[in-house]
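Student: Just need the structure, nothing else, for what follows:
(one chain, ligands or ions: 2)
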Amino acid sequence: MTKPILLRAEGIKKSFFKGKTEIPVIRGVDLSIHAGEMVGITGASGAGKSTLLHVLGTLEVPTAGKVFFGPRNEEIFRYSERELSIFRNRMLGFVFQFHYLLPEFSALENVMMPALIAGHPKSAAESQARELLQFVGLGHRLSHRPSELSGGEQQRVSIARAVILRPKLLLADELTGNLDSANRENVMELLARLNQSTGVSVLLVTHDFELTKRMHRVLSMKDGRIV
Ligand SMILES: Nc1ncnc2c1ncn2[C@@H]1O[C@H](COP(=O)(O)OP(=O)(O)O)[C@@H](O)[C@H]1O
Ligand SMILES: [Mg+2]
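Tutor: Ligands and ions are numbered 1, 2, ... in the order given. Alright, predicted model coming up:
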């Protein structure tokens, strides 16, 4: 049985403008991601991977094209700003090359943060965050601040934080870019385990083809197109 489609992008284009000069970066991308699917996109630096991820994550508005999401096929760029931010918080999780953890807060507090901001009771947020930190192998590092953690550990905290609100889709951009090979392997293993246990879909973009070996499907991108 094929799983339902979670996200469908049609005819996506994105240009940046320098004065009147148009710089086309995404030149027409069609893409579907099924529920529970892990999709990798590779391609050389400058191919447009991050820009595409930002558009699919609603962080950037496309110049042309449509993105549909969820069982009701809702067209997300028709949402108002407010609806879009609710959508983003409920449905999507993000992890980037730089973790953006808050330096003044512990691992536990960093992971709790999205749940607290969403108005969940503190006790519930804390127990979910504990559970997630155990899942990512950091049950013994709850009270450490980011500066007291290794790069690989910081990235695992940021993954835990990205999934505390149970997103349907996790968007990852070069998330192991600053890690050595052992830590890269750990983080990729963690993504696969998370996908297995929660059913979250994953879209991973990276210039490193090696990293996509755990993905269910791998696409490659060149000059703003899937090739
Ligand atoms: N805000 C921007 N303004 C102008 N050009 C941009 C902007 N963001 C990205 N680009 C250009 O778009 C191209 C693709 O960038 P990017 O999506 O970051 O590629 P990748 O992630 O594959 O390395 C690059 O040539 C980059 O310079
Ligand atoms: Mg990039």
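
Student: Nearest residue to residue 137 in space, please, no chain neighbours.
Tutor: Of all residues not flanking residue 137 in the chain, residue 156 sits nearest, at 6.5 Å (CB to CB, 6 or more residues apart in numbering). C-beta: built from backbone N, CA, C; applies to glycine.

Student: so what's the spatially most central residue of the chain bridging to?
Tutor: Centroid check for the chain by CA atoms, centre = their mean gives residue 171 as the closest residue, at 1.7 Å. Residue 171 has these beta-bridge partners by DSSP bridges: residue 94, residue 203.

Student: Return the residues of this structure in contact with ligand 1.
Tutor: Residues of the chain that fall close to ligand 1, judged by CB under 6 Å from any ligand atom: 16, 23, 25, 43, 45, 46, 47, 48, 49, 50, 51.

Student: which residues are in contact with the one helix or strand the residue nearest to residue 137 maps to?
Tutor: Applying DSSP states H and E as the criterion places residue 156 in helix 151-163. The contact list for helix 151-163, computed with CB atoms under 8 Å, 6 or more residues apart in numbering, reads 93-96, 99-101, 107, 110-111, 113-114, 129, 132-133, 135-138, 141, 146, 149, 170, 175-176, 178-180, 182-183, 186-187, 190-191, 194, 198, 200.

Student: Average pLDDT for stretch 112-131, rounded please.
Tutor: For stretch 112-131, mean pLDDT rounds to 96.

Student: Flag every buried residue along that stretch.
Tutor: Buried residues in stretch 112-131, counting neighbours by 16 or more other CB atoms under 10 Å, are found at 112, 113, 114, 115, 116, 120, 125, 126, 128, 129, 130.

Student: For ligand 2, what's the nearest residue on this structure?
Tutor: residue 50 (3.2 Å; CB to the ion).

Student: What's the separation between that residue and residue 206?
Tutor: Remark: distance between residue 50 and residue 206 (CB to CB, to the nearest Å) = 10 Å.

Student: Low-confidence bits of the chain, can you list those?
Tutor: Residue ranges of the chain with pLDDT under 70: 1.

Student: just the angle between the lengthiest helix in the chain and helix 151-163, please?
Tutor: In the chain, with assignment by DSSP state H, the single longest helix is helix 181-198. Computed by axes from the mean of the first three to the mean of the last three CA atoms, to 10 degrees, the angle separating helix 181-198 from helix 151-163 equals 20 degrees.

Student: same for helix 181-198, what does it pack against?
Tutor: Applying 3 or more CB pairs under 8 Å, 6 or more residues apart in numbering; DSSP states H and E, one finds that helix 181-198 contacts strand 38-42, helix 122-135, helix 151-163, strand 169-173, strand 201-206.

Student: Get me the contact residues on this structure for ligand 2.
Tutor: 49, 50 (CB under 5 Å from the ion).

Student: and if we set it to 6 Å?
Tutor: 49, 50, 173, 174 (CB under 6 Å from the ion).

Student: Go ahead and confirm residue 214 touches residue 193.
Tutor: No. Checked against CB atoms under 8 Å, the pair residue 214 and residue 193 is beyond contact range at 9.9 Å.
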